[in-house]
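[1] Can you look at this prediction? I've put the sequence above it.
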Protein chains: 2
Amino acid sequence: MAQSEDISFRLERLILDGGLAPGQKIPSERQLSFRLGVSRALVREALHELQGRGVIKTYHGKGSFVASILPGNPEAEDSSPLMHLYSGHSRTLYDLLEVREQLEGQAAYLAAQRATNMDRIRITRAFERLGETDPLSNAEPDHGFHQAIVEASHNPVLVHILNGLKKMMLLTVQASVANLNPREEMRQTIMKQHRRLYRAILSGRAAAAQKAATSHVRFVITSLKQLEEQGAPVTRPTDAKNLHCTNIATQ
Amino acid sequence: MAQSEDISFRLERLILDGGLAPGQKIPSERQLSFRLGVSRALVREALHELQGRGVIKTYHGKGSFVASILPGNPEAEDSSPLMHLYSGHSRTLYDLLEVREQLEGQAAYLAAQRATNMDRIRITRAFERLGETDPLSNAEPDHGFHQAIVEASHNPVLVHILNGLKKMMLLTVQASVANLNPREEMRQTIMKQHRRLYRAILSGRAAAAQKAATSHVRFVITSLKQLEEQGAPVTRPTDAKNLHCTNIATQ
DNA sequence: ATTGAGCACTGGTCTGACCAGTTTTTGGAG
DNA sequence: CTCCAAAAACTGGTCAGACCAGTGCTCAAT
């Protein structure tokens, strides 16, 4: 009945449809009031409702941003039982990657189908950034590339799950992974896979995109297993700073 | 910093310290704005924050009342902000099913490959129980069947994620779903799909199992969409008791 | 006593203004 | 031309006052 509830509902859907990029800025209050055809006061009330629910964060002079929902719990409360149970077990990494193989494939498939022009621009930008940085610290751009693809799938559930998987990988992953990326022929292969994935999505070839993504993850899996068999150390990184070494696993 | 946060904080304390019992009426907006020395708009924003947090309920013409804080399960685990964000949005159900289509398929695939004898026994037992119960309350055995399959995949991550998805579906799902299962031809089709899935897994035909599972979920999706287009009500169940009506969606 | 109109509440919404931070633009100094 | 500071153009935060829309009470006319 209340229009303000309707507004906050529509805002939620706007956030969901928009890909639910955590940390992403949402339109300004005045803009929203114009778009939705209501007064600014109403928009503000709706935003406060979302704020109370922890969906968004608002900063004076800057704007409102989608709250990162996963990392939002500094307390070990929700993720702890699972995390603690899993982390440290070498096997878990492969379990995670096994699921990721499937979901990254689906994300690529959907992205190829549903990507808007804005999405294509974001993906392209992320893709171009892949080659710019030096090999050792390219965890960030790589993450951005895959993130852009997942968000282009326009399935918030998928975004959420893959984010969760990634986070768990950071806790589970082994230091040995660091050895994988620096190898020149590895980098070549991965770059090629990325390019294939990129082209498939941009040209809307959904099946090809899915195949490219799954085979990419599968390649990472087999490479890791191979590496492990060669007697690579199976130790976890001790501090968070070293976590970027997991770039190969998040590709 | 923000005064409105301070206001909502003071209101919360007023509710707690004031010994305001659940269901009790809190002062009117105009009264609060006078008492707190701020504008009514500010009070309204603060109230909306509390409303979003589920602390109060507001009724047009009557006033705002302290909500009973009991009904929520005390365990913080499933009451993540994500849940609140998703639940109630019709689209989310399809987002969930879209992901499930993929993961149930993978679970079936892996189960066909990895199921131990013990797993086969469990799956068989669950399968046989499918036909025994009356059609209206067969949410339990159905859930058990799929659960047994997922666990036979021997991928804890997969088990965990699918459990989470199922839990979220229970919060998201619409009452209209209840109409799907009782229909005779639906039940026939679903039963046939279950049998195909069961046989494929037991005989170790992984690809066939995967196909059976995904097409099963896809069937549910299209059926639901069809039903929704026919003008079925898109209302959420009001009490937890009706949630078992979601069996069709969790199959 | 019953009923109805009217009034005094309640929240819901709008308008337009102004304050206070942040970011971008711009124009002049070097 | 470059660079940095002033200014303009954003952002959210707050206010005042008005009017609409439900709810419930009161009191007079029947």
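    Nice, thanks for sending it over. Numbers count the residues shown, from 1 in each chain, chains lettered A, B, ... in the order given.
[2] check contacts around whichever residue of the stretch 51-200 of chain A sits closest to chain B.
    Residue nearest to chain B within the stretch 51-200 of chain A (C-beta to the nearest C-beta): A:Gly52, separated by 3.1 Å. Backbone N, C-alpha and C define where each C-beta goes, glycine included. Applying C-beta atoms under 8 Å, 6 or more residues apart in numbering or on different chains to A:Gly52 gives the contacts B:8, B:48-53.
[3] Same list (those residues) but as a markdown table, adding secondary structure.
    Formatted as a markdown table, the contacts of A:Gly52 follow (DSSP: H, G, I helix; E, B strand; the rest coil):
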| residue | secondary structure |
| --- | --- |
| B:Ser8 | helix |
| B:His48 | helix |
| B:Glu49 | helix |
| B:Leu50 | helix |
| B:Gln51 | helix |
| B:Gly52 | helix |
| B:Arg53 | coil |
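[4] ChimeraX command to pick out the buried ones of the residues you listed?
    Filtering the contacts of A:Gly52 down to the buried ones (16 or more other C-beta atoms under 10 Å in any protein chain shown) takes a single ChimeraX command:
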select /B:8,48,49,50,51,52,53
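[5] Could you measure from A:Ser4 over to A:Ala115?
    For A:Ser4, the distance to A:Ala115 (C-beta to C-beta, to the nearest Å) stands at 33 Å.
[6] now the residue of the stretch 1-150 of chain A found nearest DNA strand D: how far from DNA strand C?
    Relative to DNA strand D, the nearest point of the stretch 1-150 of chain A is A:Ser28 (3.2 Å; C-beta to the nearest atom of the strand). Between A:Ser28 and DNA strand C the distance is 10 Å, computed by C-beta to the nearest atom of the strand, to the nearest Å.
[7] Could you verify my assumption that that residue touches A:Lys62?
    No: applying C-beta atoms under 8 Å as the test, A:Ser28 and A:Lys62 come out as separate, 10.0 Å apart.
[8] out of the two, which sits in the more crowded spot?
    Taking other C-beta atoms under 10 Å in any protein chain shown, A:Ser28 and A:Lys62 do not tie; A:Ser28 has more neighbours (13 against 9).
[9] Do you know the pLDDT at the more buried one?
    The per-residue pLDDT reported for A:Ser28 equals 95.
[10] so what's it up against?
    So A:Ser28 contacts A:Gly63 (C-beta under 8 Å, 6+ apart).
[11] Now the phi/psi pair for the residue of the stretch 1-150 of chain A closest to DNA strand D, please.
    A:Ser28 adopts backbone torsions of phi -70, psi 160, taken as degrees, to the nearest 10.
[12] quick one: it from A:Phe65, how far?
    Per C-beta to C-beta, A:Ser28 is found 12 Å from A:Phe65.
[13] Surely A:Glu151 touches A:Asp119?
    Yes: here A:Glu151 lies in contact with A:Asp119, judged by C-beta under 8 Å, at a distance of 7.2 Å.
[14] what about the residue nearest to A:Phe127 when sequence neighbours are not counted, how many residues close to it?
    Using C-beta to C-beta, 6 or more residues apart in numbering or on different chains and skipping the chain neighbours, the partner closest in space to A:Phe127 is A:Tyr198 (4.8 Å). A:Tyr198 is flanked by 21 other residues according to other C-beta under 10 Å.
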